[in-house]
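Colleague: quick one, fold the following:
(one chain, ligands or ions: 2)
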Amino acid sequence: MTSDSAPLTIAIDGPSGSGKSSVSKAVAARLGIGYLDTGAMYRALTWWCLDQGVDLADEAAVVVAAEALPLELSTDPEDQRVVVGGTDVTADIRSTAISSEVSKVATNTGVRPILQQAQRDRMAAIAEETGGVVAEGRDITTVVAPDALVRLLLTASEEARLRRRSAEVHGAVDEEAIAATRDQVLRRDRDDSAVSQFTVAADGVVTVDTSDLDFDESVEAVLAVVASLAAHARG
Ligand SMILES: Nc1ncnc2c1ncn2[C@@H]1O[C@H](COP(=O)(O)OP(=O)(O)O)[C@@H](O)[C@H]1O
Ligand SMILES: Nc1ccn([C@H]2C[C@H](O)[C@@H](COP(=O)(O)OP(=O)(O)O)O2)c(=O)n1
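Modeller: Ligands and ions are numbered 1, 2, ... in the order given. The predicted structure follows:
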């Protein structure tokens, strides 16, 4: 925590497979504060559009859907739940089907400000409720929360990110599994880079490269940066 009143706001960006979601959840749990998965919001909107028969190429229609998105998103880092229009889509939004389409929504420039404002509102509510928030995504350190106390870019080599996502999605890291993972990691990051800067740390953003760190070491590395910046803020 910083001073008694100021909430501990932590923004973490990075490419696919860098460990943002899992490390952010572990950090939030260790600090006893809430968690916001902004990627889940883009994924939930993608799922909602497909469920409602909205053409993802019809940018105006997707904006209308974004404004009416009936999204319930858990903020408990240890109990992540995503519900859209009463349907639990926690698992569905992580499917390859959604991963292969989500960039169409994420690169919709009419959608972004709607979700970015919703993310700011949710961050403020979570911080108020729990004393702080860890929010992760692609543009949190640069657009959504550029004034966050802690701003981190979590990155890793392409090889490490492909291996991690392949193990997670396919349960294997052989050549075939890695090849099947390339689109949802490397192609998606290329598409996403068109609307967010998350490959190079912006001014004031600390880079944590997890290429050669295991999961626990990654969590400890992030917690060390948080402790250092929080102490500095206390003066
Ligand atoms: N440093 C690490 N070493 C090994 N595996 C990791 C590491 N960080 C995350 N993982 C694993 O890699 C996979 C992808 O992590 P995730 O948090 O979903 O990444 P992102 O949210 O950046 O796409 C998950 O199965 C996660 O447990
Ligand atoms: N703040 C954010 C968060 C995610 N996105 C986009 C980029 C991604 O392709 C999708 C899904 O994000 P998600 O964090 O779930 O993706 P990864 O877990 O990093 O693979 O949404 C974004 O544009 N801005």
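
Colleague: wait, what's in contact with the spatially most central residue of the chain?
Modeller: Nearest to the mean C-alpha position of the chain, by Cα atoms, centre = their mean, lies residue 137 at 2.8 Å. When contacts are counted by Cβ atoms under 8 Å, 6 or more residues apart in numbering, residue 137 touches 12, 13, 20, 37, 38, 39, 119, 144. Using the backbone N, CA and C atoms, a C-beta is placed for each residue, glycine as well.

Colleague: with residue 45 instead?
Modeller: By Cβ under 8 Å, 6+ apart, residue 45 lies in contact with 62, 65, 66, 69, 71, 105, 111, 115.

Colleague: what about residue 77, how many residues close to it?
Modeller: Using other Cβ atoms under 10 Å, residue 77 has 24 other residues around it.

Colleague: whoops, residue 33 was the one
Modeller: Counted with other Cβ under 10 Å, the neighbours of residue 33 add up to 23.

Colleague: next one: the one 4 residues further on
Modeller: For residue 37, the count of nearby residues is 24 (other Cβ under 10 Å).

Colleague: repeat that for residue 215.
Modeller: Using other Cβ under 10 Å, residue 215 has 13 neighbouring residues.

Colleague: measure it to residue 45 for me?
Modeller: 29 Å (Cβ to Cβ, to the nearest Å).

Colleague: same thing with residue 63?
Modeller: In terms of Cβ to Cβ, residue 63 sits 10 Å off from residue 45.

Colleague: overlap in contacts of these two?
Modeller: residue 111.
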